[in-house]
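Trainee: Sequence and computational prediction follow.
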Amino acid sequence: MKTILLTLVCAAFTAAGAFADDRTVSTTTTTYSTGTGTINAYTPGSSFILTEPNGPVTYSYGDSVSYVTRSGVVLTPEQVQTRIRVGIPATVHYAPMGERRVIQRVVVDDDDDDDDNN
């Protein structure tokens, strides 16, 4: 009788451990961080350095980067070519991956210089 009871208790602990591992795996998420400053260097797909309050920070490119305005408008590739440039303020949302900071999204000010086009 003691053997059967001991076997059932061990089986219960083994099953509980297996379920705990499954929950840990299923709740793994990517954490994103933010950097804010002025673009110091920019070469599409290659170099992105943002001068932040504590100095320049280098960001890496991943599979894809979205470029948006503060109001949420997604920039077209043509707009990225003219709007993303050295000297403008920007916010970078990135995923820390080891020692690298991989860009997910770049946010720039809204285009409010429409009066210059008239």
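Mentor: Perfect, I can see it now.
Trainee: make it CA atoms for all contacts and neighbour counts henceforth
Mentor: Fine.
Trainee: Around Glu52, how many other residues sit close by?
Mentor: Neighbour count of Glu52, defined by other C-alpha atoms under 10 Å: 17.
Trainee: likewise the one 5 residues further on?
Mentor: As a burial measure, Val57 scores 17 neighbours (other C-alpha under 10 Å).
Trainee: For stretch 55-71, the averaged confidence score.
Mentor: In this model, stretch 55-71 has a mean pLDDT of 95.
Trainee: Pull out the buried residues from that stretch.
Mentor: With burial defined by 16 or more other C-alpha atoms under 10 Å, the residues of stretch 55-71 counted as buried are Val57, Tyr59, Ser60, Tyr61, Tyr67, Val68, Thr69.
Trainee: Which of the three states applies to Gln81?
Mentor: helix (DSSP: H, G, I helix; E, B strand; the rest coil).
Trainee: ugh, wrong one, Pro96
Mentor: Pro96 is classified as strand under three-state DSSP.
Trainee: That one contacts Val102, doesn't it?
Mentor: Yes. Using C-alpha atoms under 8 Å, Pro96 is in contact with Val102, at 6.3 Å.
Trainee: Neighbour count: these two, which is higher?
Mentor: Between Pro96 and Val102, counted using other C-alpha under 10 Å, Val102 has the larger neighbour count: 23 against 16.
Trainee: right, and that one touches Ala95 too?
Mentor: Yes. Between Val102 and Ala95 there is a contact under C-alpha under 8 Å: 5.2 Å.
Trainee: ok so, going back, so of the buried residues of stretch 55-71, which ones are in helices?
Mentor: Under the assignment DSSP state H, those contribute nothing to helices.
Trainee: Do you know the pLDDT at the nearest residue to Tyr94 once chain neighbours are set aside?
Mentor: Spatial nearest neighbour of Tyr94, chain neighbours left out: Ile103 (4.3 Å); criterion: C-alpha to C-alpha, 6 or more residues apart in numbering. The score at Ile103 is 95. That number is its pLDDT.
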